[in-house]
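>>> 3D, please:
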Amino acid sequence: MQFKAQDTDYRARNPEARFLVIETGGRPAGRLYLDLSGPEHRIIDIALLPDSRQAGLGRAILESLLSEAAAAGKAVTIHVEKMNRALRLYERLGFKPVEDQGVYLFLALEPGRSARGQVKTAS
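Numbers count the residues shown, from 1 in each chain. Below is the predicted model:
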């Protein structure tokens, strides 16, 4: 019931968003709600099943999303709970806080930034 309510809310608020099932080895490993329709690539929700965590899968997915956004010249944004362990990963990838929303932080990684948050220069 909780998933259905959350899914209904996400789809109502983000009608252009994609709902993707993350798979590894042909088995479900998590989910991703992603909206590419606006001025930025918005990660609405990303979640991995417990047995799929701590293996680099989340980082690989995020790096792929960051690469796609950079090619499109768009920032990537996400809301994350301050106590979420994944916050450290987002920070390592170069996401910066844009707004403190109490329990949540709104993070962004601007286009032209590398995974370490450094400005890329043309070669």
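
>>> Number of residues surrounding the spatially closest residue to A75 that is not a sequence neighbour?
The shortest distance from A75 to any non-neighbouring residue, by CB to CB, 6 or more residues apart in numbering, is to E40 (4.3 Å). Glycine gets a C-beta too; all of them are placed from N, C-alpha and C. Using other CB atoms under 10 Å, E40 is surrounded by 19 other residues.

>>> residues in contact with E40?
E40 is in contact with A69, K74, A75, V76, T77, A108, counting by CB atoms under 8 Å, 6 or more residues apart in numbering.

>>> which phi and psi does the second one have?
Looking back up the chat, that one is K74. Backbone geometry at K74, expressed as degrees, to the nearest 10, gives phi -120, psi 150.

>>> what mean pLDDT does stretch 106-113 have?
Mean per-residue pLDDT for stretch 106-113: 86.

>>> which outside residues touch that stretch?
Outside stretch 106-113, the residues that touch it by CB under 8 Å, 6+ apart are 40, 66, 69-70, 72-80, 90, 93-100, 117, 119-120.

>>> Could you identify the buried members of the residues you listed?
For the contacts of stretch 106-113, a burial check counting by 16 or more other CB atoms under 10 Å picks out 40, 66, 69-70, 74-80, 90, 93-95.

>>> picking up where we left off before, Serialize the contacts of E40 to JSON lines and add fields for distance to R53 and secondary structure.
Compiled in JSON lines, these are given as follows (distance: CB to CB, whole Å; DSSP: H, G, I helix; E, B strand; the rest coil):
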{"residue": "A69", "distance to R53": "23", "secondary structure": "helix"}
{"residue": "K74", "distance to R53": "27", "secondary structure": "coil"}
{"residue": "A75", "distance to R53": "26", "secondary structure": "strand"}
{"residue": "V76", "distance to R53": "21", "secondary structure": "strand"}
{"residue": "T77", "distance to R53": "22", "secondary structure": "strand"}
{"residue": "A108", "distance to R53": "24", "secondary structure": "strand"}
